[in-house]
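Enquirer: I'd like to go over a predicted model; first the sequence, then the structure.
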Amino acid sequence: MYESTRGNLERQTASQAIAWGMVPGGGLFVPEVLPALNWKELRELSYQELAERIMSLFLPDMPPEVISKAAAVYGGEVFEGADPAPLKTVGHFSVLELWHGPTAAFKDMALQVLPHLLGASVKQVNQGAQVLILTATSGDTGKAALEGFKNVPGTSIMVFYPDGGVSAVQERQMTTTDGSNTYVVAVDGNFDQCQSAVKEIFASEELRSKLAQKNMIFSSANSINWGRLLPQIVYYVWTYLQAVEQEKIEPGAPLNVVVPTGNFGNILAGYYAKKMGIPLGQLICASNKNKVLTDFFETGVYDTQRAFHLTISPSMDILISSNFERFLYEMCAKDPEKIKAWYQSLSASGVFKVDEDTLKNSRQEIWAGWADENDVLAVIARAFKEHRYVYDPHTAVAVKVYEDYVRASGDHTYTAIVSTASPFKFASSVLEAISGSKSPDEWEALARLEQETGWKIPTGLKGLNEKPEQRVQKCEPQGLKEVLLETYHLNDLS
């Protein structure tokens, strides 16, 4: 069963939690109990088999054939190569490549699965209803969600992204989506404003009532939806198993993990895997110049009242990390009153401060650091020069923070760096780091990066600049509701 982090809704089944997306009155669904895993029993499984095994533990009310079909995406032609999440050695650590899916970003690992889970959940909870998926994106979730849900019967998806706040490749990926049920909206604001506006829509009883008149319900493809977060737990288990199989660590020895972090869902999945019994060591949270998380772990104050920076790692340009609420819920001994008070304060003033016990518990679980733009470019250049390996800027943030962690702690436990995107999604920045020269044209940069590195452009990024674009609506953050009402002809409903 699943409970609300704010204690404002009765317990829900897995299907109910996934169909809702987020708690209507505010808050997120979390499992009451984390199932235990014995990693030794999982060593002979393929990635597909592992995904089916782990997801089944969290979805007891879902038909086994649905979970099996969902896990099958990892064993077919959706991901390039036999292993959807290969662990590669780069120098004295390993890199977990999570970008071999159709959109060349780690979001594919979950968003190829979510349509199966969400479709079955809605069918079970609200038979016959059409699902309207609203998703705010800082760059990668948008295309991965559009790709996962396009032309899926009974669904419609609308993605909101910050205009000018994503890379040219990320934007083009979204605007060239060819689904008959897909809508893309450019918002004159940053990701946090997009995300906050979407949450307000979810919380609106008026809008839910209007949708109900058309037999429609809201849901989300962001990692606020448990069905999106769950598949991410799988690759942390897989990482540990592969580190053992590759003899990087002794069986049972700890493995540290570094995660470039924006909305906190990715590293949270690692935390859950560790609590389920996987011998992960230190979890390291890596931020870019928007270092609200790093500052929290230093001070216990979560303060969004600060400058917002547009960086070369745009998927991490976030100040309000939605999944951090789930983490804090665990750190404060599942006290919904504390969560409610903190997030009321965040909504009212942009700031909250946690108690000493919660901060102490948080620091025991996660070490946090950040990297600036020059650090990121230097890491990319050095890795290519020394290892002929090409990082995207987000992964380079993680590498720099890992180096800082080792210097600060003296901890040389073997480590896996989570690589969240192909370098070709941010070709101009990567090319600048490697060659020293910028390319003003993103498509020229793609070709030059392939030529200079010998790496191949991912299939999903080839020919993007030649594909026809769909009409993109534009609005201010406060205009999201009106765009929604007009698109789905809800204005005339009472």
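Expert: Now that the structure is in, tell me what you want to look at.

Enquirer: what's the following helix or strand after the helix or strand encompassing Met174?
Expert: Counting by DSSP states H and E, the element that carries Met174 is helix 168-175. Later in the chain than helix 168-175, the nearest helix or strand by DSSP H and E is strand 182-187.

Enquirer: follow-up on the earlier one: hey, C-alpha coordinates of the helix holding Met174 in CSV?
Expert: This file holds the C-alpha atoms of helix 168-175, laid out as CSV (Å, rounded to 0.1, in the frame of the first residue of the first chain):
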residue,chain,number,x,y,z
ALA,A,168,18.7,23.0,-29.2
VAL,A,169,18.7,19.2,-29.6
GLN,A,170,16.4,18.7,-26.6
GLU,A,171,14.0,21.3,-28.0
ARG,A,172,14.0,19.9,-31.5
GLN,A,173,13.4,16.4,-30.1
MET,A,174,10.2,17.6,-28.5
THR,A,175,9.0,19.7,-31.3
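
Enquirer: buried ones in that helix?
Expert: Going by neighbour count (16 or more other C-beta atoms under 10 Å), the buried part of helix 168-175 is Ala168, Val169, Gln170, Glu171, Arg172, Gln173, Met174, Thr175. (C-beta placed from N, C-alpha, C; glycine too.)

Enquirer: isn't there a helix covering Lys88?
Expert: No - assigned with DSSP: H, G, I helix; E, B strand; the rest coil, Lys88 falls outside any helix and is strand.

Enquirer: skipping its backbone neighbours, what lies nearest it in space?
Expert: Val95 (5.0 Å; C-beta to C-beta, 6 or more residues apart in numbering).

Enquirer: dump the residue contacts of that neighbour.
Expert: Leu87, Lys88, Thr89, Tyr389, Thr395, Ala416, Ile417, Ser419 (C-beta atoms under 8 Å, 6 or more residues apart in numbering).

Enquirer: now with 7 Å, please.
Expert: Lys88, Ile417, Ser419 (C-beta atoms under 7 Å, 6 or more residues apart in numbering).

Enquirer: Phe384 against Ala378, yeah?
Expert: No - assessed by C-beta atoms under 7 Å, Phe384 is found out of contact with Ala378, at 11.1 Å.

Enquirer: all strands for the stretch 101-250 of the chain, in order.
Expert: Assignment of strands within the stretch 101-250 of the chain using DSSP state E, counting those that start in this stretch yields the ranges 130-136, 155-162, 182-187, 216-219.

Enquirer: would you convert those strands into a markdown table that also reports distance to Ala203 and mean pLDDT?
Expert: Output for these, formatted as a markdown table (distance: least, C-beta to C-beta, whole Å; pLDDT from 0 to 100):
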| stretch | distance to Ala203 | mean pLDDT |
| --- | --- | --- |
| strand 130-136 | 12 | 91 |
| strand 155-162 | 16 | 93 |
| strand 182-187 | 18 | 94 |
| strand 216-219 | 10 | 88 |
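
Enquirer: out of those strands, nearest to Arg407?
Expert: Of all those, strand 155-162 sits nearest to Arg407, with 34.2 Å by C-beta to C-beta.

Enquirer: for the contacts of Val95, give me a markdown table that also has pLDDT.
Expert: Putting these into a markdown table (pLDDT from 0 to 100) gives the following:
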| residue | pLDDT |
| --- | --- |
| Lys88 | 98 |
| Ile417 | 98 |
| Ser419 | 98 |
